[in-house]
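In: Here is my input, please return the structure:
(chains A and B)
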Amino acid sequence: MSKGITSRAEDYSQWYNDLVIKADLAEYSAVRGCMVIKPYGYAIWERMQAILDKRFKETGHSNAYFPLFIPKSFFSKEASHVEGFATECAVVTHYRLKNDGHGQIVVDEEAKLEEELIVRPTSETIIWNTYKGWIESYRDLPILVNQWANVVRWEMRTRLFLRTAEFLWQEGHTAHATAEEAIAETEQMLEVYADFAENTLAVPVVRGRKTENERFAGALETYCIEALMQDGKALQAGTSHFLGQNFAKAFDVKFTSKEGKQEYVWASSWGVSTRLMGALIMAHSDDQGLVLPPKLAPIQVVIVPIYRTEEEKANVDGFVDKLQAELKGKGISIKYDDRDTQRPGFKFAEWELKGVPVRVAVGARDMQNGTVELARRDTQRKETVAQEGLAGRIEGLLEEIQQNIYQKALGFRSAHTTEVHSYEEFKDVLENKGGFVSCHWDGTVETEKRVKEETKATIRCIPLDSVEEEGTCIFTGKPSKRKVLFAKAY
RNA sequence: CGGGGUGUAGCGUAGCCCGGUAUCGCGCCACAUUUGGGAUGUGGAGGUCGUAGGUUCGAAUCCUGCCACCCCGACCA
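Out: Next comes the predicted model:
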């Protein structure tokens, strides 16, 4: 890494880019704004998928798949929804190409679609159009469906993982008989995300609600989890929306209640994306590269043999075979890096760059002494330990690393969450310290917008654990009932 | 879409002002010596200098158009 984690904010962007590319996670593609997720990066995403998907199933959801293309007319049915996405949609207008006679392939103007198709930026509309056919009675409810998919948002400026024109995500879309049930679902899924972020990604998050200004287009309430990155900027890591009856009304989805009345269905939608990869990278990495929490790492333990002769290698192999079997028995994933094309020092550096939590180095000297060199990625410390009982020791170490990474991130967030009581103080903290700024706000969109214009900071959320108290808005001096969390954000 | 910048080998670059077919590093290939923190030596491969045109005996270099990408803003998970 050329730039340190503590370098100036302007350098952080470069540092982040370098890291993503050097750690072999992703790269820019030939298509502007789109990225190629490389095998190692994708393996991490697959771990995220597996763990989240399991939680979705445990909470009663099923996976399904809906079309990539959405007829424009569907899109226009929910007014605030279309308004929210209109400026960033990729649109399919034709379905055929032809040779122009000069060796050039051109769009065949005769093959113009009668109705343009929108490449989904999110699937609410196509899904609610579908749900209309699925729902007649209260007996058909709830519908608890999730989709793993790609979506396209034609962003003007992109960054690897954090904002790309196409990204991978999951979107849950649920239908319920009552508002209470839909809200409970919305809150439950927010907690699933928060738990995943904290216990798997080891990224502490603030659970909160969005202000009207930041709310999802078409939602009555948007819940979110907000994480803090090491450069002091916030990152929205997941959202869960209570959609009320907006989409049910737009797509005329009614059901007959127990009482025999026709009622509109209540809805929620929730999603997390490959942006979580960005959160993971920016929350934990150091100047040596990635730091992956053990629960997420595709490779939890890397074993590097050190040898001169074939005989020494064979000796080490024998030991590694047994260790691998033991670790696999404990469900620990291992990579035995016995490539003879690279030297040990190179391998050490490479696996550190890729964030593998634990490294075992073993050579002829160790084989004589009955030891190995055990190194942990998070603290960079290494020690020589006995081969006896090594698997158990590694198992404990992985757990310790998981905890340590989380505690470190939590400590950083605590140190970078500042309560302020005046606008001067507010600006000073944003300018010189960064991080979350907790303060009173008068609750108006105008104030929020003016603060954003002047400082670039936005209200990340109204924390769910915020208490009701008397206060005055730091900007207007008007009365306020509770504090909100401001920050500059990605 | 506004403001700024850059295009030379897979990557990073020198050369451009002052025209003579391209420098250096990393990486890659071969061989040897190496292997407990990113090895060393020797040899080698790899280039329509973004693109189209112009000026010139001759263009990476000067002129004109175009294209692409990056950074900063507006937009946004």
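In: Tell me how many other residues crowd the residue lying closest to A:K427 once chain neighbours are set aside.
Out: Using C-beta to C-beta, 6 or more residues apart in numbering and skipping the chain neighbours, the partner closest in space to A:K427 is A:T455 (6.0 Å). From N, CA and C alone the C-beta is placed, and that goes for glycine too. Using other C-beta atoms under 10 Å, A:T455 has 17 neighbouring residues.
In: quick one: the strands in the stretch 201-350 of chain A?
Out: Using DSSP state E, counting those that start in this stretch, the strands of the stretch 201-350 of chain A run over A:205-209, A:221-228, A:234-244, A:254-256, A:262-264, A:266-273, A:301-306, A:334-336.
In: Out of the ones you listed, which is closest to A:L52?
Out: Of all the strands of the stretch 201-350 of chain A, the one in closest proximity to A:L52, counting by C-beta to C-beta, is strand A:266-273 (7.0 Å).
In: Off-centre distance for the closest one?
Out: Relative to its chain's centre, strand A:266-273 lies at 14 Å (C-alpha atoms, centre = their mean, to the nearest Å).
In: Give me the contacts around that strand.
Out: A:52, A:122, A:124, A:128, A:167-179, A:181-183, A:185-186, A:189-190, A:193, A:196, A:216, A:219, A:237-248 (C-beta atoms under 8 Å, 6 or more residues apart in numbering).
In: ok, 6 Å please
Out: A:167, A:169, A:171-176, A:179, A:182, A:185-186, A:189, A:193, A:238, A:240-243, A:247 (C-beta atoms under 6 Å, 6 or more residues apart in numbering).
In: again with stretch A:69-85
Out: Against stretch A:69-85 from outside (C-beta under 6 Å, 6+ apart): A:115-118, A:120-121, A:125-126, A:129, A:217-218, A:246, A:250.
In: can you tell me which of those residues lies nearest to A:D286?
Out: Using C-beta to C-beta, these come closest to A:D286 at A:P121, 35.0 Å.
In: per-residue confidence at the closest one?
Out: pLDDT recorded at A:P121 is 93.
In: How many residues are close by it?
Out: 20.
In: cool, and A:K322?
Out: For A:K322, using other C-beta under 10 Å, the count is 12.
In: how far away is it from A:M156?
Out: Distance, A:K322 to A:M156, using C-beta to C-beta, to the nearest Å: 56 Å.
In: How about A:D321?
Out: 54 Å.
In: again with A:I143
Out: 36 Å.
In: Correct me if wrong, but A:V362 is in a helix.
Out: No - assigned with DSSP: H, G, I helix; E, B strand; the rest coil, A:V362 falls outside any helix and is strand.
In: Correct me if wrong: it contacts A:T371.
Out: No - with contacts counted by C-beta atoms under 6 Å, A:V362 stays clear of A:T371, the gap being 8.2 Å.
In: if you count what's nearby, which of these two comes out ahead?
Out: More neighbours surround A:V362 than the other of A:V362 and A:T371, with 23 against 18 (other C-beta under 10 Å).
In: residues touching A:V451, list them.
Out: A:F475.
In: where does it land on pLDDT?
Out: For A:V451, the predicted pLDDT is 91.
In: and if you look at the one 5 residues further on?
Out: At A:K456, the predicted lDDT confidence score is 89.
In: what's around it, how many residues?
Out: A:K456: 12 neighbours (other C-beta under 10 Å).
In: and it, how far is that from A:V205?
Out: 22 Å.
In: In helices only, show me the contacts of strand A:266-273.
Out: A:A179, A:A182, A:E185, A:T186, A:M189, A:Y193, A:F247 (DSSP state H).
In: these two touch, right, the third one and A:G172?
Out: Put plainly, it is A:E185. No - counting by C-beta under 6 Å, A:E185 does not reach A:G172; the two are 8.5 Å apart.
In: Which of those two has more residues huddled nearby?
Out: Neighbours were counted for A:E185 and for A:G172 using other C-beta under 10 Å; A:E185 has more, 26 against 23.
In: lowest-pLDDT helix or strand in chain A?
Out: Least confident element among the helices and strands of chain A, by mean pLDDT, DSSP states H and E: helix A:9-22 (a mean of 77).
In: So which other helices or strands are in contact with the next helix-or-strand element following that helix?
Out: Using DSSP states H and E, the helix or strand that follows helix A:9-22 in sequence is strand A:26-28. Identification of packing neighbours for strand A:26-28 by 3 or more C-beta pairs under 6 Å, 6 or more residues apart in numbering; DSSP states H and E yields strand A:35-37.
In: mind listing the helices for chain A?
Out: Counting by DSSP H, the helices of chain A are A:9-22, A:39-58, A:72-75, A:79-85, A:124-134, A:179-199, A:246-250, A:275-284, A:310-329, A:344-353, A:364-369, A:390-415, A:423-432, A:445-455.
In: Rebuild those helices as CSV, extending it with distance to RNA strand B.
Out: Below are the helices of chain A laid out as CSV (distance: least, C-beta to the nearest atom of the strand, whole Å):
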stretch, distance to RNA strand B
helix A:9-22, 5
helix A:39-58, 12
helix A:72-75, 16
helix A:79-85, 6
helix A:124-134, 13
helix A:179-199, 11
helix A:246-250, 16
helix A:275-284, 4
helix A:310-329, 9
helix A:344-353, 3
helix A:364-369, 3
helix A:390-415, 13
helix A:423-432, 13
helix A:445-455, 7
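In: Name the stretch among these that sits most buried.
Out: For these, the largest average neighbour count (mean count of other C-beta atoms under 10 Å) is found in helix A:275-284, namely a mean of 25.
In: pLDDT of that helix, averaged?
Out: On average, helix A:275-284 scores 94.
In: next one: stretch A:313-329
Out: 97.
In: How about residues contacting it?
Out: A:I303, A:P305, A:Y307, A:I334, A:Y336, A:V362, A:M367, A:A391.
In: go with 8 Å
Out: Against stretch A:313-329 from outside (C-beta under 8 Å, 6+ apart): A:301, A:303, A:305-307, A:334, A:336, A:338, A:360, A:362-364, A:367, A:387, A:390-391, A:394.
In: Who are the contact partners of the residue located most distally from the centre of chain A?
Out: Residue farthest from the centre of chain A, counting by C-alpha atoms, centre = their mean, is A:G101 at 47.8 Å. By C-beta under 8 Å, 6+ apart, no residues touch A:G101.
In: What distance do you get for it to RNA strand B?
Out: To RNA strand B, A:G101 is 21 Å away according to C-beta to the nearest atom of the strand, to the nearest Å.
In: just A:T174 next, same as before
Out: Going from A:T174 to RNA strand B by C-beta to the nearest atom of the strand gives 18 Å.
In: any idea how far the spatially most central residue of chain A lies from A:K38?
Out: Residue closest to the average C-alpha location in chain A (C-alpha atoms, centre = their mean): A:L276, at 1.7 Å. Using C-beta to C-beta, A:L276 is found at 17 Å from A:K38.
In: What of A:F475?
Out: Counting by C-beta to C-beta, the gap from A:F475 to A:K38 is 45 Å.
In: okay, the two: which has more neighbours?
Out: A:F475 (21 against 15).
In: Hmm, that one is touching A:T444, no?
Out: No - with contacts counted by C-beta atoms under 8 Å, A:F475 stays clear of A:T444, the gap being 9.5 Å.
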